[in-house]
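Novice: got a sequence here, can you model it:
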Amino acid sequence: MSVLKVGLVGIGAQMQENLLPALLQMPDIRIAAACDSNQASAGRIHRFLSDLPVFDKAAAMLDAVPLDAIVLACPPQVHFNAAMLAMARGVNVFVEKPPCVNLGELQTLIAACHRAQVVSGVGMNFKFARPVRQLHEMTECEEFGQTLHIQLNHYASKPRAPLWGLSSTLRSFLLAQAIHTIDLAVTFGKGELTQIGSNVQRHGDAMIVKAELEFSSGASASLLAGTTFPYFEFDMKLVSSGSILVELDNLWNITLHEPEHGTRPTGTAKRWRGAWQPGPLDSGYERSGYFGELHQFFEAIRHGERFEADFASLLPTYRVIEAICAADEQGGKQGRSLLPAVDFETLSA
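Specialist: Okay, the predicted model is just below:
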């Protein structure tokens, strides 16, 4: 198995607490350099890797050290600029979410990735969390049938002010937090987005965001998210054409409700509930998705394949973000718009 040389950009809390520990569990990955505009932050990498060269600019690191990929955990403006620099040099790029601040920048990243013929990745760890992967397997079973509706609740207490120099707290929240929830709706909704409806309620410096999505597959999704809540909680429900309800509680427990289960002692025509949760030996970084997303990103590089959570995969998610922000700017009226189908090949060209 080939060893990939990786450079790190942004040695803050996310890198130190989640991404770097996951990387250090991978024997076929060699961290070859690190970069942070703050030299004190950059030097923190030496607590993990004592002899690693550090830089204060991504361009200097890319010029000085031959790299197969870079992993970034920075503000989205840095993600965008550093990713463009790396891809122009033929270096594969993995960025923490969000990769950029708007749909136009995402399309620019996609086009640059296509020109450079590199692999891109975005840190959508919810999608790779062990319980979500299990949920995906369950909904793919023939017995489950077709997914008809997805209900997602994403409760948070922040941000209550704009992030990263942006002017909008709403956009900041959607990019920093609800991006995961929207992405899961798109993932399980399948098909193309056909309609988006949204409404934003404000309570002081906090907000509640409601959105309704419809897909060409026939599935619909209802999202409730916001910052009026005391702490983070996340839950998800899926309803199938087979009269099955699956619940995911806080990215941990899965409960399956079936109308009948003839092999059970209760007999047929009785409601049945089954449960699943990660095993006690599942590692924390695998359970939370950080290990899985990085492992699959590097496997995509080795095999010259597209990574599941690449820049292009976030096009529908960013379309939802733009639609929610646009409706709010137009007076917060609940709007519902028919959306044209997206030509992903054109946007990637």
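Novice: which stretch of helix or strand covers L170?
Specialist: If you go by DSSP states H and E, L170 is part of helix 169-173.
Novice: over to V122?
Specialist: Residue-wise, V122 maps onto strand 120-123 under DSSP H and E.
Novice: can you list the neighbours in contact with that strand?
Specialist: Identification of contacts with strand 120-123 by Cβ atoms under 8 Å, 6 or more residues apart in numbering yields 19, 73, 83, 87, 92-99, 109-110, 113, 290, 293, 297, 300, 307, 309-314. Glycine gets a C-beta too; all of them are placed from N, C-alpha and C.
Novice: show me what the first helix or strand past that strand going along the chain is packed against.
Specialist: Proceeding N to C from strand 120-123, the next assigned helix or strand is helix 125-128, under DSSP H and E. Here helix 125-128 touches helix 179-189, helix 290-303, going by 3 or more Cβ pairs under 8 Å, 6 or more residues apart in numbering; DSSP states H and E.
Novice: 6 Å instead?
Specialist: helix 290-303 (3 or more Cβ pairs under 6 Å, 6 or more residues apart in numbering; DSSP states H and E).
Novice: contacts only, for R30.
Specialist: 3, 5 (Cβ atoms under 6 Å, 6 or more residues apart in numbering).
Novice: look up how far F48 lies from it.
Specialist: The gap separating R30 from F48 is 13 Å, by Cβ to Cβ, to the nearest Å.
Novice: where does this structure dip in pLDDT?
Specialist: Residues of the chain meeting the criterion pLDDT under 70: 1, 260-273, 275-286, 332-349.
Novice: again, only this time at 80
Specialist: Within the chain, the ranges that satisfy pLDDT under 80 run 1, 259-287, 331-349.
Novice: so which residue is smack in the middle of it?
Specialist: Closest residue to the average C-alpha location of the chain: M124 at 2.2 Å, with Cα atoms, centre = their mean.
Novice: helix, strand or coil for the residue lying closest to that one once chain neighbours are set aside?
Specialist: Spatial nearest neighbour of M124, chain neighbours left out: A309 (4.6 Å); criterion: Cβ to Cβ, 6 or more residues apart in numbering. When classified by DSSP: H, G, I helix; E, B strand; the rest coil, A309 comes out as coil.
Novice: run a quick neighbour tally on R115.
Specialist: For R115, the count of nearby residues is 12 (other Cβ atoms under 10 Å).
Novice: I'd assumed it was in a helix, is it?
Specialist: Yes - under three-state DSSP, R115 falls within a helix.
Novice: now it: how far from G191?
Specialist: In terms of Cβ to Cβ, R115 sits 29 Å off from G191.
Novice: quick one, domains of this protein?
Specialist: Split into domains by automatic domain parsing, the chain comes to 4-126+289-309, 127-284+315-348.
Novice: now, of those domains, which is deepest in the fold?
Specialist: Compared across those, domain 4-126+289-309 shows the largest average neighbour count, a mean of 19 (mean count of other Cβ atoms under 10 Å).
Novice: quick check, distance from that domain to the centre of its chain.
Specialist: Distance of domain 4-126+289-309 from the chain centroid (Cα atoms, centre = their mean, to the nearest Å) equals 15 Å.
Novice: what does stretch 242-253 give?
Specialist: Stretch 242-253 sits 19 Å away from the centroid of its parent chain (Cα atoms, centre = their mean).
Novice: do the same with stretch 146-163
Specialist: 13 Å.
Novice: likewise for stretch 303-316?
Specialist: Per Cα atoms, centre = their mean, the centroid offset for stretch 303-316 relative to its chain is 11 Å.
Novice: quick one: end-to-end distance for that stretch.
Specialist: Its first and final residues considered, stretch 303-316 spans 26 Å by Cα to Cα, to the nearest Å.
Novice: contacts for that stretch, please.
Specialist: Residues contacting stretch 303-316 (Cβ under 6 Å, 6+ apart): 109-110, 113, 119-122, 124, 127, 186, 193, 297, 300, 344, 348.
Novice: thank you, goodbye.
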